[in-house]
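1. no FASTA, just this:
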């Protein structure tokens, strides 16, 4: 049975894998992302690494049905180009597909990284075997990916899944990097929760090591806030509750709109685990239409860092 | 070329049509909906009417590729059943598909009425020829339908498109008939705008015939509020602006999530026309991710009452 090459291109590293058509990761490795010189080495580095690994495993292009790739930035799945992936140095249009065509002559598919991770979780992870699955990726920002009828939703201009820019904060209207105000990303990402902690530290009068750190001008991380909340810090819990109220509202919007069987919470912030998931689900269910509440499961991601390479392989299967 | 029978089942009347496979309405007629005796006459009445019209046009089942139908209530598209369509008297499960199979032996497809209307607008109306289109139906309630990748999104349990139950009102938490609070339907339907008018009438101190009617205990309609707003009534404009702020927020949620090419505003309330559309679009654009703002058109529905029969026909084409 022929195999698939899955690529997950990130700002720090590129994850690569040989994946079976059923989604089993057979081999995986990674290389560093060299974003110097406007990222012009990235695609040649990936192609070279694949070529070397095919040699190593005594495989040729004939052993593969195709190559799939997830990339940051604005991805054009039809023309197989990427633009505006600033963490890669790719501010200008990159003809990614063309380079892969020339190197391997295999069918090549590309999608936005958050979308592709959602596809991985829908295919083989927390939403396994279900046709309607949405993923929230809570990291430095908030990304998203939507699968309906078993297909990735890319929408007009490939911009679907901008869950991080749902307007949820109509109280403080926290500014977002996108230019809007009150976006989910501005209040419910790793940086968002720190924004909230700073906001509330001036209002809170009790004792709290987290509040003390903030008042001291020390840097506080999302992990420290969640750890303190788990240990019962009242201030940290106040911050987490606000964080969760925004996230619960956004999750409910997705549930009411798409009625997915699973809403998957992933990304670095989801390391807070069941403590976080349970709070999000409780809040979201208050806002979800009764009939949908019965069928929509709010779950933690299961594939971790492999979601991208597995989702990239599924891009090839979906064609 | 074979044709399609499209059926739009409503609480007052059933609209029926013979539609070409390209979506042209060749013949249309309607019958009254008889919801007496738990609506047990409805399906037999429709079948009899179709039989009579086929005779009239000298057609037989062989001239058709299939029958499509939009229905209120909870529709199971797989088992072709409907439950909980209370305005039809259908509180119990109705084996609609089985009755049509026995009568005509043709492929039969059924969907939720708001979803099917959206499919009509996507196929032949305001979103014509585009694969990603969402419709808001603003009537007594707020319905919705979502098309992504050219396919209707039904989600788990067939409940996708419950746009009317997006939580948008976090200020007053107006109770909704669904049991939740702050739903779009509770503030941005024909009844919702009247709710808002009642709410604001106690706060507003200026002169306004609309406010006077409310204070008098007279019944005020959504049309009267929109007409007064168009004529410059300050109170009516205050109500319309609040109505639009909720609707704009909900429209932005759809845009940021799905990046559709078109968000179509239909239903009875949309008779307020360009006056309403322009206000909704202006508000929504404030909340829409900049890149999506460029590609997402907020437009009025074009098919009117024909959206249902045309969308029902497209259900057959999609198979």
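-> Perfect, I can see it now. Source: prediction; values computed, not measured.

2. please make it C-alpha for all contacts and neighbour counts, starting now.
-> Will do.

3. wait, what's in contact with residue A:109?
-> A:66, A:67, A:68, A:69, A:77, A:80, A:97, A:312, A:315, A:316, A:319 (CA atoms under 8 Å, 6 or more residues apart in numbering or on different chains).

4. let's go with 7 Å and repeat that
-> The contact partners of residue A:109, by CA atoms under 7 Å, 6 or more residues apart in numbering or on different chains, come to A:67, A:68, A:69, A:77, A:80, A:315, A:316.

5. from those residues, which ones fall inside strands?
-> Mapping the contacts of residue A:109 onto strands (DSSP state E) picks out A:67, A:68, A:69.

6. quick one: the strands in the stretch 151-300 of chain A, in order.
-> Using DSSP state E, counting those that start in this stretch, the strands of the stretch 151-300 of chain A run over A:151-152, A:262-266, A:297-300.

7. how about CSV for the ones you listed, with mean pLDDT added?
-> Putting those into CSV (pLDDT from 0 to 100) gives the following:
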stretch, mean pLDDT
strand A:151-152, 96
strand A:262-266, 98
strand A:297-300, 98
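
8. right, so of those, which gets closest to residue A:102?
-> Distance to residue A:102, taken as CA to CA, is lowest for strand A:151-152 among the strands of the stretch 151-300 of chain A, at 26.5 Å.

9. packing partners of that closest one?
-> With contacts defined as 3 or more CA pairs under 7 Å, 6 or more residues apart in numbering or on different chains; DSSP states H and E, strand A:151-152 has no helix or strand neighbours.

10. can you give me the helices for chain A?
-> Secondary structure of chain A by DSSP state H: the helices cover A:36-39, A:42-56, A:96-104, A:113-124, A:184-187, A:190-201, A:209-216, A:222-230, A:234-258, A:273-287, A:290-293, A:307-318.

11. near chain B, which residues of chain A?
-> A:132, A:148-149, A:153, A:155-156, A:159-163, A:165-167, A:180, A:253, A:256-261, A:287, A:289, A:292, A:295 (CA under 7 Å from any CA of the partner chain).

12. redo that, cut-off 6 Å
-> Residues of chain A found near chain B (CA under 6 Å from any CA of the partner chain) are A:132, A:155-156, A:159-163, A:166, A:253, A:256-261.

13. quick one on the thing from earlier: can you redo the helices of chain A as JSON lines with mean neighbour count?
-> JSON lines is the format used below for the helices of chain A (neighbours: other CA atoms under 10 Å in any protein chain shown):
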{"stretch": "helix A:36-39", "mean neighbour count": "14"}
{"stretch": "helix A:42-56", "mean neighbour count": "16"}
{"stretch": "helix A:96-104", "mean neighbour count": "16"}
{"stretch": "helix A:113-124", "mean neighbour count": "30"}
{"stretch": "helix A:184-187", "mean neighbour count": "30"}
{"stretch": "helix A:190-201", "mean neighbour count": "21"}
{"stretch": "helix A:209-216", "mean neighbour count": "15"}
{"stretch": "helix A:222-230", "mean neighbour count": "19"}
{"stretch": "helix A:234-258", "mean neighbour count": "24"}
{"stretch": "helix A:273-287", "mean neighbour count": "18"}
{"stretch": "helix A:290-293", "mean neighbour count": "19"}
{"stretch": "helix A:307-318", "mean neighbour count": "28"}
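
14. now the ones you listed in a markdown table, with distance to residue B:270 and mean pLDDT?
-> As requested, those are exported to a markdown table (distance: least, CA to CA, whole Å; pLDDT from 0 to 100):
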| stretch | distance to residue B:270 | mean pLDDT |
| --- | --- | --- |
| helix A:36-39 | 49 | 94 |
| helix A:42-56 | 50 | 97 |
| helix A:96-104 | 44 | 97 |
| helix A:113-124 | 34 | 97 |
| helix A:184-187 | 30 | 96 |
| helix A:190-201 | 38 | 93 |
| helix A:209-216 | 50 | 92 |
| helix A:222-230 | 45 | 96 |
| helix A:234-258 | 21 | 97 |
| helix A:273-287 | 26 | 97 |
| helix A:290-293 | 27 | 94 |
| helix A:307-318 | 39 | 98 |
